[in-house]
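Asks: No letters, just coordinates:
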């Protein structure tokens, strides 16, 4: 797709993503390639805004300031103004291509790294125990303790020192199963809490969700993940124990990670009209 054209703005990208989601394009394609900038020709009389961001390529393939007789290119001026740099636009276009215009993001999920960052063997054990004791919810596919009270070898492997224990396919599969089982338990245990935050509240809703729809739901209320989690804390802090607060926080983070939702202030206008 050609998003790197002179007329591209945050608003035109928002319209593109909305239509792409509406027509199911992202779920149709496994990858997407984006043109990031366009060729600038002098005979087209480019305006000062365009010339101000145009660069040229020398015969030895070096980048230089704009020179009329050299091949010249420019990133969309409006995006440069909004995001601040070409590097930021490159990151944005990579993110859009992988997450909102294809299913490529599914191949980039590293569930073992996610589990290691957001949980510990002790927190997983406490979540499973509290869910079973207080709510009667059995978390499937999460081995917690052996008969001697020790963490099972396969669960402990998820948290092993990566310098000693290399990530394997089986370890990644287990990590995905653990995260998915905990997320399913979170949906079963706290549908009202999730619904109050505008998030999917059932497994069926989760399976029907698209990254775009989830991003719109989140950005309609917040522009940072911290803001979302602070709203959760205000909602649950007075009534839930610390283990359950930690568990529902993990569930929401797992949901965002599953769909590769990055909640950044500069991205909000790509999903909702912030004006």
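Replies: Cool, the structure landed. Since this is a predicted model, take the numbers as computed values, not measurements. Residues are numbered from 1 along each chain as shown.
Asks: Residue 159 contacts residue 117, doesn't it?
Replies: No. Using Cβ atoms under 8 Å, residue 159 makes no contact with residue 117, being 10.7 Å away. From N, CA and C alone the C-beta is placed, and that goes for glycine too.
Asks: So for these two, which residue has more residues nearby?
Replies: Counted by other Cβ atoms under 10 Å, residue 159 and residue 117 do not tie: residue 159 has more neighbours, with 18 against 10.
Asks: Provide a list of residues in contact with the more buried one.
Replies: 115-116, 120-121 (Cβ atoms under 8 Å, 6 or more residues apart in numbering).
Asks: Helices - which of those residues land there?
Replies: 115-116, 121 (DSSP state H).
Asks: neighbour-wise, which of these leads?
Replies: Neighbour-wise, the ones in helices among the contacts of residue 159 (other Cβ under 10 Å) top out at residue 115, 25 neighbours.
Asks: mind checking how far the nearest residue to residue 225 once chain neighbours are set aside is from residue 105?
Replies: Leaving out its chain neighbours, the residue that sits closest to residue 225 by Cβ to Cβ, 6 or more residues apart in numbering is residue 263, at 4.3 Å. Going from residue 263 to residue 105 by Cβ to Cβ, to the nearest Å gives 15 Å.
Asks: Likewise for residue 52?
Replies: From residue 52 across to residue 105, the span is 34 Å (Cβ to Cβ).
Asks: If you average the pLDDT over whichever strand or helix holds residue 227, what comes out?
Replies: In this assignment (DSSP states H and E), residue 227 forms part of helix 225-236. For helix 225-236, the mean per-residue pLDDT is 93.
Asks: where does that helix sit relative to the chain's centre, distance-wise?
Replies: 18 Å (Cα atoms, centre = their mean, to the nearest Å).
Asks: what's next to that helix, contact-wise?
Replies: By Cβ under 8 Å, 6+ apart, helix 225-236 touches 193, 196-197, 218, 221-222, 244-245, 248-249, 252-253, 256, 263.
Asks: I'd say the residue nearest to residue 225 and residue 217 touch.
Replies: No. Using Cβ under 8 Å, residue 263 is not in contact with residue 217; the gap is 11.1 Å.
Asks: For the closest residue to residue 138 other than its chain neighbours, which three-state class applies?
Replies: Closest residue to residue 138 apart from its sequence neighbours, by Cβ to Cβ, 6+ apart: residue 132 at 5.9 Å. Following DSSP: H, G, I helix; E, B strand; the rest coil, the label given to residue 132 is helix.
Asks: What count of nearby residues applies to residue 132?
Replies: Residue 132: 14 neighbours (other Cβ under 10 Å).
Asks: Considering the contacts of residue 159, which is situated nearest to residue 238?
Replies: residue 120 (25.2 Å; Cβ to Cβ).
Asks: and that closest one, what are its phi and psi?
Replies: Phi and psi for residue 120, reported as degrees, to the nearest 10, are phi -140, psi 160.
Asks: which residues does it contact?
Replies: Contacts for residue 120 (Cβ under 8 Å, 6+ apart) come out as residue 159.
Asks: Residue 179 too?
Replies: 111, 114-115, 254, 257-258.
Asks: Which element, helix or strand, includes it?
Replies: helix 169-189.
Asks: Tell me the buried residues in that helix?
Replies: 171-172, 174-176, 178-189 (16 or more other Cβ atoms under 10 Å).
Asks: following that helix, which helix or strand comes up?
Replies: Following helix 169-189 in sequence, per DSSP H and E, is helix 191-196.
Asks: What separation is there between residue 247 and residue 214?
Replies: Taken as Cβ to Cβ, the span from residue 247 to residue 214 is 20 Å.
Asks: Looking at those two, which is more packed in?
Replies: A count of neighbours by other Cβ under 10 Å puts residue 247 above the other of residue 247 and residue 214, at 25 against 21.
Asks: where's that one, which helix or strand?
Replies: Secondary structure (DSSP H and E) places residue 247 in helix 242-258.
Asks: Can you give the distance from that helix to the centre of its chain?
Replies: 15 Å.
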